[in-house]
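> My questions concern the predicted model and sequence given below.
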Amino acid sequence: MANATELADRFLELLPTWPAGKLPGLRELAVTHHASTKTVQAALDRMREAGWIESRPRSGLWRKGELPQGEAIARKETAQDIGARLCQEIREGLHAWGEPLRSVKELAIAWKCHVQTVKKALEVPLGEGLLERVGRAHIPIRPRSRSLGKSPILVCVGATSAEGGFRMDTDRESDFWRELGIQAAQAGLASRRIPWSSGRLKLPASTVGVVAATWHLHDPEKMCQELTKLDVPVCLWMEDCSLVSKGKRFPKLFVHDQGYGSIIGSQLAAHLLALGHRHLAYVSPWHASRWSQNRLQGMQKEAALHDGRVESFHLEGESDWDRLGPAWTDPVLMKRFPEGLLSRLVEGSAEPFRTMAIHHLGWNRIRSDLAPVFEKALASKATAWVVANDLCACFALRWLRERGVDVPGKVSVAGFDDTLDALRNDLTSYRFSTTAMAREMIYQILSPHAIRKISHHAGIVVERGSTRRL
């Protein structure tokens, strides 16, 4: 939700598009721009004081006949501008291949321009081979610009599991690899997995590109160095994009980031602020991890724009790496396993039960250690809690309800990742756009025109029953 200054700038850009120079009503502006009438009024007051608009008796607000001395209205977007933006959106995977765009009339309404401008704008991606016209529909084309040869293969590289297979421990990982396989198949590619080891990567002869992920790798730099030696396009999903130093360190790689930056926390905070919450609590067991600190910074920045505040409640000095390893030190939990099974688990002879048991013990440690943090958050009187991930947010839901705290009546709770845990527990959560990331990776691998070296993929807030409007 924008503040008065940002809204004033936005209204200034829209001035040329309002018919005859008359501004919409106060309530219409508030609804359209997702702001309170108070904020809209403050923005209009600033525009009036600057001389952009004027009040007319019984007729509302109008664009002033003479603009302030030395000023000029922001340049209106041309058809070429809109077309270039649409090309970028297609390359970034924001429009599904094979699915028609909205009608020309609907696009004109969404883009706030004339139908003829939309038609001219669509000519830009049509000319670049990103769209095809089927009747009246305009459909994004699946990238097939490279010569694929026979049986083209997309190689997927990821961390190695304890059994020597391909490791994917989280819903977000499995969602991504599944979506990547779907998008690859639609582009005519077969997917093959290679668990990462420190040796040289040996690719099948018909490999047209590689998608790799640094998840679970303590030293991702070794993988990056090996990937730069390959003679096929490589897309890399990194947990920390600072490792590539803005694309200069490994210039051959297309780097993608999802969930690491501060924008994630900013978007979730903006959603809660729009619901009327002004006092937010951020709860994290892994605040030594940079991604956790980034999310808090994003929340704090967003809250500052709307007279809100964010308090942080976290465990000191531990990252997710410190927390998610084997937790065999809890004698109470270890007694729950049948006699003889524990030694087999430690020896690794009872997979996949070993991994399941390790996770069970590790998560119980986290839940136990988070209890004092939850106590502090509850004592702060914050009306909304944002928890580092969905599983810990579900711990928070259970802890609050065991103490008779009404959720969301007294405290709203939200998490990140939109996992199955979030769905089962009716938890509001932030969903990352794995589909958009997979589409852009396929485009970069198959298209010789791919330019952007670092891509940051945001997502959306999925609201469920754990949050409410104040």
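Everything's here; your move.

> residue ranges of the strands in the stretch 1-150 of the chain, please?
With DSSP state E, counting those that start in this stretch as the criterion, the stretch 1-150 of the chain has strands at 53-56, 60-63, 131-134, 137-140.

> The last one - contacts with which helices or strands?
Spelled out, that is strand 137-140. helix 115-127, strand 131-134 (3 or more Cβ pairs under 8 Å, 6 or more residues apart in numbering; DSSP states H and E). Where C-beta positions appear, they are placed from N, C-alpha and C, glycine not excepted.

> Which positions in the longest one come out as buried?
Which is helix 115-127. T117, V118, K120, A121, L122, V124, P125 (16 or more other Cβ atoms under 10 Å).

> Using a markdown table, please lay out the residues you listed together with pLDDT and distance to K229.
Output for the buried residues of helix 115-127, formatted as a markdown table (pLDDT from 0 to 100; distance: Cβ to Cβ, whole Å):
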| residue | pLDDT | distance to K229 |
| --- | --- | --- |
| T117 | 88 | 47 |
| V118 | 89 | 46 |
| K120 | 90 | 45 |
| A121 | 91 | 41 |
| L122 | 92 | 41 |
| V124 | 89 | 37 |
| P125 | 88 | 35 |
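
> can I get these in TSV with distance to S36?
Listed next are those as TSV, based on distance: Cβ to Cβ, whole Å:
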residue	distance to S36
T117	32
V118	32
K120	37
A121	33
L122	36
V124	37
P125	37
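
> if we can go back for a sec, dump the helices and strands packed on strand 137-140 into a markdown table; add distance to G209 as well.
Below are the helices and strands packed on strand 137-140 laid out as a markdown table (distance: least, Cβ to Cβ, whole Å):
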| stretch | distance to G209 |
| --- | --- |
| helix 115-127 | 23 |
| strand 131-134 | 23 |
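
> So for S266, which of the ones you listed sits nearest?
Set against S266 and scored by Cβ to Cβ, the helices and strands packed on strand 137-140 come closest in helix 115-127, at 29.7 Å.

> pLDDT below threshold where in the stretch 51-200 of the chain?
For the stretch 51-200 of the chain, residues meeting the criterion pLDDT under 70 lie at 57-59, 64-76, 144-149.

> one more time with 80, if that's ok
51-52, 55-60, 63-77, 91-93, 97, 128, 142-150, 162-163, 169, 198-199 (pLDDT under 80).

> Then the stretch 301-450 of the chain?
316-368, 447-450.

> Near the residue nearest to R102 when sequence neighbours are not counted, how many residues? Count them for me, please.
Closest residue to R102 apart from its sequence neighbours, by Cβ to Cβ, 6 or more residues apart in numbering: A110 at 7.0 Å. By the criterion of other Cβ atoms under 10 Å, A110 has 10 neighbours.

> Adjust the sequence numbering to begin at 32 for everything that follows.
In the new numbering, first residue 32, that becomes A141.

> surely S205 meets M199?
Yes - counting by Cβ atoms under 8 Å, S205 touches M199, with 5.0 Å between them.

> Please say which of the two ends up with more neighbours.
Neighbour count, other Cβ under 10 Å: between S205 and M199, M199 has more, with 20 against 13.

> pretty sure the more buried one is touching D206, no?
No - using Cβ under 8 Å, M199 is not in contact with D206; the gap is 9.4 Å.

> How about stretch 299-314, which residues are buried there?
Buried residues in stretch 299-314 (16+ other Cβ under 10 Å): L299, A300, A301, H302, L303, L304, L306, H308, L311, A312, Y313, V314.

> Among those, which one lies nearest to G166?
Nearest to G166 out of those is H302 (Cβ to Cβ; 38.6 Å).

> quick one on the thing from earlier: let me have the strands of the stretch 32-181 of the chain in a markdown table, adding distance to D40 and mean neighbour count as columns.
Shown next, in a markdown table, are these (distance: least, Cβ to Cβ, whole Å; neighbours: other Cβ atoms under 10 Å):
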| stretch | distance to D40 | mean neighbour count |
| --- | --- | --- |
| strand 84-87 | 14 | 14 |
| strand 91-94 | 16 | 17 |
| strand 162-165 | 31 | 14 |
| strand 168-171 | 31 | 20 |
